[in-house]
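Q: here is my input, please return the structure:
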Amino acid sequence: MEILIIIIIIIIIVAVCSLWWFMILRGQKAVRAFVFLCDIENGKTELEANISSSRIDIFAATKIMDNMISSVDLVYGGSQLTMISEARRLGYNQ
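A: Got it, this is the predicted structure:
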């Protein structure tokens, strides 16, 4: 019985950690798409925008996150997926 409880606890911990990591990576993808769109808007080429957005790591993404959230709320009605779709339409490669 004790082994079963330990196994259940381990499964729950793994599930929570996996969900947390998925959300971190999704946020990073949204920030990269935001940086790509900003670069395109500022006149950079598709290649230059893709290069600069690919350099955003998890730590840099946390610094840009507030600006991205404000922009998504204002322009895309709060939908990060809509923003990512727009970036892909314009040539964003993740």
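
Q: what ranges do the strands span in this protein?
A: Counting by DSSP state E, the chain has no strands to list.

Q: where is the longest helix in it?
A: Ranked by residue count under DSSP state H, the longest helix found in the chain is helix 2-41.

Q: what is that one packed up against?
A: helix 46-54, helix 58-75, helix 80-89 (3 or more CB pairs under 8 Å, 6 or more residues apart in numbering; DSSP states H and E). Using the backbone N, CA and C atoms, a C-beta is placed for each residue, glycine as well.

Q: okay, the angle between it and helix 80-89?
A: When axes from the mean of the first three to the mean of the last three CA atoms, to 10 degrees is applied, the directions of helix 2-41 and helix 80-89 differ by 50 degrees.

Q: find the nearest non-adjacent residue to Glu46, please.
A: Leaving out its chain neighbours, the residue that sits closest to Glu46 by CB to CB, 6 or more residues apart in numbering is Gly91, at 4.0 Å.

Q: retrieve the pLDDT associated with the one you found.
A: The score at Gly91 is 93. That number is its pLDDT.
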